[in-house]
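1. Sequence and predicted structure are below.
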Amino acid sequence: MTATTLNSPVGPLRVRAGARGVQEIAFATWPIGPAPDTEIDTDVTALAVRQLTEYFEHRRTEFDLPIDWSAITGFRAEVLRALHETVPFGETTTYGGLAQLCGRPDAVRVVGTIMGSNPVPIVVPCHRVLASNGMGGFGPGLEAKRRLLVLEGVLPPGLDDLDLL
């Protein structure tokens with residue numbers, strides 16, 4: 001496993017990957033897990049940093065990274081995979097829309113909880129999931145969510161009212 005920190009427009013990000021793929025992208029405002037015990041040079045961490053840098057520089061709209069899904073199971077895995085596969089750059093969905101897509105339209109709150117436990121935000125774009133009446137939540141804070149949505153062209157750069165969309 002390898003890990004590194006990337007400075008980004010939404011603050012420092014720790015990127016951690018192993019032989020199977022990216023395991024974690026942690027915002028500095030989120031609790032960051034323990035340092036890796038062993039180093040396996042897979043080049044996945046470097047690839048993730050390069051692609052995230054390109055994304056923040058407006059040179060990438062799609063990530064082509066292996067994700068280590070092994071620790072993500074059940075409905076949580078279903079929701080995160082659906083998000084990853086169906087909500088592209090510059091588009092959004094709602095918590096309810098994602099619940100509906102996964103065949104559990106009444107699981108809106110569960111979907112919100114799953115978004116808050118997403119281990120690989122940005123690559124699995126939980127910032128693109130909105131509440132039916134506005135921005136909704138985001139673990140690293142609404143300003144980080146707003147910045148990501150502005151970067152993707154979903155919100156205009158000067159929008160000051162985070163509750164309007």
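-> Looks like it came in fine. Residues are numbered from 1 along each chain as shown.

2. Return the distance of the most centrally placed residue in the chain relative to Pro105.
-> In the chain, the C-alpha closest to the average C-alpha coordinate belongs to Pro121, at a distance of 1.8 Å (Cα atoms, centre = their mean). Distance, Pro121 to Pro105, by Cβ to Cβ, to the nearest Å: 24 Å. Yep, even glycine has a C-beta here, placed from its N, CA and C like the rest.

3. what sits against Glu62?
-> By Cβ atoms under 8 Å, 6 or more residues apart in numbering, the residues touching Glu62 are 88-89.

4. so Thr61 makes contact with Glu91?
-> No. Between Thr61 and Glu91 there is no contact under Cβ atoms under 8 Å: 10.7 Å.

5. Using PDB, write down the CA coordinates of the helix or strand Ala99 falls within.
-> Using DSSP states H and E, the element containing Ala99 is helix 95-101. Extracted C-alpha coordinates of helix 95-101, given in PDB (Å, rounded to 0.1, in the frame of the first residue of the first chain):
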ATOM      1  CA  TYR A  95     -30.300  11.200  -3.000                       C
ATOM      2  CA  GLY A  96     -33.800  10.100  -4.000                       C
ATOM      3  CA  GLY A  97     -32.800   9.600  -7.600                       C
ATOM      4  CA  LEU A  98     -29.900   7.400  -6.600                       C
ATOM      5  CA  ALA A  99     -32.100   5.400  -4.200                       C
ATOM      6  CA  GLN A 100     -34.600   4.900  -7.100                       C
ATOM      7  CA  LEU A 101     -31.800   3.900  -9.400                       C
END
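
6. outside of it, which residues touch it?
-> Identification of contacts with helix 95-101 by Cβ under 8 Å, 6+ apart yields 79, 82-83, 86-87, 93, 105-112, 115, 129-132, 136.

7. again, but for stretch 45-57
-> Against stretch 45-57 from outside (Cβ under 8 Å, 6+ apart): 2-4, 6, 8-9, 13, 15-17, 22, 25, 60-61, 63-65, 122-123, 151.

8. what is the rounded mean pLDDT of that stretch?
-> Stretch 45-57 comes out with an average pLDDT of 95.

9. Buried residues of that stretch, list them for me.
-> 45, 47-49, 51-52, 55-56 (16 or more other Cβ atoms under 10 Å).
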